[in-house]
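S.K.: 3D model of this:
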Amino acid sequence: MNPENIIIFGAGGHAKTVIGVLECGEKWQLSGLVVDDGNLSSGKRILGYEILGNRSAFPILQSKGIVKGFVAVGDNIARAEIAVSMQKSGFSLVNIVHPSACIMKDAIVCKGTFINAFCIIGAECRVGFSAIIQPQTSLGHESFIGDYVQFSPGVHIGGKVRIGDWSFFGPGAVVFPSVTIGRNVSVGANTVINKDVPDNAVIVGNPGRIVKHNTNII
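M.R.: Got it, this is the predicted structure:
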């Protein structure tokens, strides 16, 4: 297999995790990193890969035949904005999936998604655009995961669950089957959710309880 050249947008901690997973496979060859102004200097290296500049470098990279990319930014809202910007600039977003991950029959994983080691994507599950799925997470059969959702390590989602865009799940969170969770919901570590959760809620505990609401209404 001849790996295809891609760029990664981002140079922080999540980008380092993505690079580690990318290097475990043989599908992609990383040409370098792109960042927003003020983050890091061009020419600096992250895990051996050069920072090639900011968004103004997009046309130069495309002229060299690099037309695929990945957004490695942890913040859900920022990742969404960058993903849209890259696609409008002509890049096709790719998925980066650890070889140990299991994607079951008829599951759909949308563009720009990151799947780390030892994850299970259940049969007929749908994972939205530019999601983050960290190690040892399982998503049950026929679950619908919205766009720009983030799962920390060890999250377990039951079958036929629905999760809205931009929601975040802390480590070890558990969601019972057939529960619906709204958009922009923040779930604390080890929280157990056994009933529906409205948009923008912050939920913690076992059983989960709403303690406040996110102020960054999307």
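S.K.: give the contact list for Y148.
M.R.: Residues in contact with Y148 (C-beta atoms under 8 Å, 6 or more residues apart in numbering) are 76-77, 79-80, 83, 128-131, 165-166. C-beta: built from backbone N, CA, C; applies to glycine.
S.K.: Looking at this structure, which helix is longest?
M.R.: In the chain, assigned by DSSP state H, the helix with the most residues is helix 76-88.
S.K.: Find the residue at the geometric middle of this protein.
M.R.: Central residue of the chain (C-alpha atoms, centre = their mean): I132, 2.2 Å from the mean position.
S.K.: quick one: contacts for that residue?
M.R.: By C-beta under 8 Å, 6+ apart, I132 lies in contact with 14, 74, 79, 113-114, 149-151.
S.K.: how about a cut-off of 7 Å?
M.R.: Shown in contact with I132 (C-beta atoms under 7 Å, 6 or more residues apart in numbering): 114, 150-151.
S.K.: ok, and the most crowded of those?
M.R.: F151 (29 neighbours; other C-beta atoms under 10 Å).
S.K.: Would you confirm that that residue contacts Q134?
M.R.: Yes - F151 is within contact range of Q134, at 5.8 Å (criterion: C-beta atoms under 7 Å).
S.K.: Okay, domains of the chain per the record?
M.R.: Domain segmentation of the chain under automatic domain parsing yields 4-94, 97-213.
S.K.: any idea which of the ones you listed scores lowest on pLDDT?
M.R.: Note on these: domain 4-94 shows the lowest mean pLDDT, a mean of 93.
S.K.: how far is it from where the chain is centred?
M.R.: Offset of domain 4-94 from its chain centre (C-alpha atoms, centre = their mean, to the nearest Å): 14 Å.
S.K.: who touches the residue of the chain most remote from its centre in this structure?
M.R.: Within the chain, the residue lying farthest from the chain centre (C-alpha atoms, centre = their mean) is S63, at 27.6 Å. S63 makes contact with no residue under the criterion C-beta under 7 Å, 6+ apart.
S.K.: picking that back up, hey, which of the domains of the chain is tucked in deepest?
M.R.: Greatest average neighbour count among the domains of the chain goes to domain 97-213 (a mean of 20), per mean count of other C-beta atoms under 10 Å.
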